[in-house]
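# Here is my input; please provide its structure:
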Amino acid sequence: MKQLIAFLFLGVSMTLFSQQIDYNTQKGYIAEGYDVVSYFTQKKPVAGKKKFQTTFDGAKFKFSSVKNLELFKGNPTKYIPQYGGYCAYAVAAKKTKMYIDAEAYEIRDGKLYLFYNSWLSNKLDDWKEGDTKKLQAKGDNNWKELKHKKN
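Numbering: from 1, shown residues only. Next comes the predicted model:
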């Protein structure tokens, strides 16, 4: 009986503590299917191709080349956008998840941040005009609470 209780407790604990991060895969892939490595290596977003794709932590990624796919596989956490690929400004300033325009981005402190952008509102501009270090800290803190909540 003790073994059964211990087994059930272990199963519940693993479910609670291994909950997957809610990644922004609005168009089926992280970063709307753009190659997350290209932001770093080519200094711009490049559309990924279906023939170069992988899954990491339950989320799908596309890449523009086999080289970028291999770079990602070698160190995925280096390239994954902050806050699950949701708008960094919305996570930081509003404590909410907002979809993005994958071409509105910033690399800061070696990390990729993506932003919402429309003709009415460019959250990248808001991010840069604000106290960015403070926004980063607030975003990191807010993400701890938001990352397991489904959007």
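
# same question for stretch 108-125, mean pLDDT?
Averaged across stretch 108-125, pLDDT comes to 95.

# Show me which residues of it are buried.
For stretch 108-125, the buried set under the neighbour-count rule, 16 or more other C-beta atoms under 10 Å, comprises 111-117, 122-124. Every residue, glycine included, has its C-beta placed from N, CA and C.

# what two of the residues you listed are the furthest from one another?
Largest separation among these by C-beta to C-beta: 111 and 122, giving 19.8 Å.

# before we move on, back to that, narrow the buried residues of stretch 108-125 to those in strands?
For the buried residues of stretch 108-125, the ones inside strands are 111-115, with DSSP state E as the criterion.

# any chance of these in CSV, plus distance to residue 104?
Formatted as CSV, those follow (distance: C-beta to C-beta, whole Å):
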residue, distance to residue 104
111, 15
112, 12
113, 9
114, 7
115, 4
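
# Between those, which sits nearest residue 129?
residue 115 (12.4 Å).

# residues contacting that closest one?
By C-beta atoms under 8 Å, 6 or more residues apart in numbering, residue 115 lies in contact with 87-89, 100-101, 104-106, 122-124, 127.

# mind checking how far stretch 125-143 is from the chain centre?
Distance of stretch 125-143 from the chain centroid (C-alpha atoms, centre = their mean, to the nearest Å) equals 15 Å.

# Then stretch 69-85?
With C-alpha atoms, centre = their mean as the basis, stretch 69-85 stands 9 Å off its chain's centre.

# Stretch 21-40 too?
On C-alpha atoms, centre = their mean, the centre of stretch 21-40 falls 7 Å from the chain's centre.

# Any chance you could give me it in PDB, C-alpha atoms only?
Only the C-alpha atoms of stretch 21-40 are listed here, as PDB (Å, rounded to 0.1, in the frame of the first residue of the first chain):
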ATOM      1  CA  ILE A  21       6.100  26.100 -21.100                       C
ATOM      2  CA  ASP A  22       3.400  27.800 -23.100                       C
ATOM      3  CA  TYR A  23       5.200  28.800 -26.300                       C
ATOM      4  CA  ASN A  24       3.800  31.200 -28.800                       C
ATOM      5  CA  THR A  25       3.200  29.000 -31.800                       C
ATOM      6  CA  GLN A  26       0.400  31.100 -33.400                       C
ATOM      7  CA  LYS A  27       1.400  30.100 -36.900                       C
ATOM      8  CA  GLY A  28       2.400  26.600 -35.900                       C
ATOM      9  CA  TYR A  29       6.000  27.400 -35.100                       C
ATOM     10  CA  ILE A  30       8.000  29.600 -32.700                       C
ATOM     11  CA  ALA A  31       8.700  33.100 -34.200                       C
ATOM     12  CA  GLU A  32       6.000  32.600 -36.800                       C
ATOM     13  CA  GLY A  33       8.300  30.100 -38.600                       C
ATOM     14  CA  TYR A  34      11.200  32.400 -38.900                       C
ATOM     15  CA  ASP A  35      14.700  30.900 -38.200                       C
ATOM     16  CA  VAL A  36      15.500  31.800 -34.600                       C
ATOM     17  CA  VAL A  37      19.300  31.300 -35.300                       C
ATOM     18  CA  SER A  38      19.200  33.800 -38.200                       C
ATOM     19  CA  TYR A  39      18.500  36.700 -35.800                       C
ATOM     20  CA  PHE A  40      21.900  36.000 -34.300                       C
END
